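**Q** Fold the following and give me the result.
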Amino acid sequence: MSDELTRELTDGLRRLAEDAEAPPPVSGADVRRVAVRRRRRRRTTVAVAGGSVAAALAVLLTVNITGGGTENRPSPAASP
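**A** Numbering: from 1, shown residues only. As a prediction, this is how the structure comes out:
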């Protein structure tokens, strides 16, 4: 392609981009505020989920270690 044709295409594309340009719907501060809120919500969700998993694991291990099963208890029919 010749330099003149390339220059014409470049100018045309620039004009097209300028005509279609729209202002951002919100300011940069609003974008940052939303990002901070999402980050906090994500971290809170991860912390709550991790705490729930840790609590469930602790209960499971406690029941298994203390022998919370029914194999050591006598059956109700065996008692007088």
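**Q** Mind listing what's buried along the longest helix along the chain?
**A** Criterion DSSP state H: the longest helix present in the chain is helix 28-66. Of the residues in helix 28-66, none has enough neighbours to count as buried (16 or more other CB atoms under 10 Å). Quick note: C-beta positions are derived from backbone N, CA and C, even for glycine.
**Q** which other helices and strands contact that helix?
**A** Using 3 or more CB pairs under 8 Å, 6 or more residues apart in numbering; DSSP states H and E as the contact test, no helix or strand touches helix 28-66.
**Q** Run the chain-centre distance for the helix or strand bottoming out on mean pLDDT in the chain.
**A** In the chain, no helix or strand scores lower on mean pLDDT, DSSP states H and E than helix 3-20, which sits at a mean of 92. Put simply, helix 3-20 sits 41 Å off its chain's centre (CA atoms, centre = their mean, to the nearest Å).
**Q** Looking at R37 now. What's its pLDDT?
**A** What the model reports for R37 is a pLDDT of 97.
**Q** distance of it from D30?
**A** 11 Å (CB to CB, to the nearest Å).
**Q** Averaged pLDDT, stretch 61-73. What do you get?
**A** For stretch 61-73, the mean pLDDT works out to 71.
**Q** Also stretch 41-50?
**A** In this model, stretch 41-50 has an average pLDDT of 98.
**Q** export it as PDB, just CAs?
**A** The C-alpha coordinates for stretch 41-50 follow below in PDB (Å, rounded to 0.1, in the frame of the first residue of the first chain):
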ATOM      1  CA  ARG A  41     -17.300  -8.300  49.400                       C
ATOM      2  CA  ARG A  42     -15.200 -11.000  47.800                       C
ATOM      3  CA  ARG A  43     -12.800 -11.100  50.700                       C
ATOM      4  CA  THR A  44     -15.600 -11.300  53.200                       C
ATOM      5  CA  THR A  45     -17.200 -14.100  51.300                       C
ATOM      6  CA  VAL A  46     -13.900 -16.000  51.200                       C
ATOM      7  CA  ALA A  47     -13.400 -15.400  55.000                       C
ATOM      8  CA  VAL A  48     -16.900 -16.600  55.900                       C
ATOM      9  CA  ALA A  49     -16.600 -19.700  53.600                       C
ATOM     10  CA  GLY A  50     -13.200 -20.500  55.100                       C
END
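**Q** Right, I'll leave it there.
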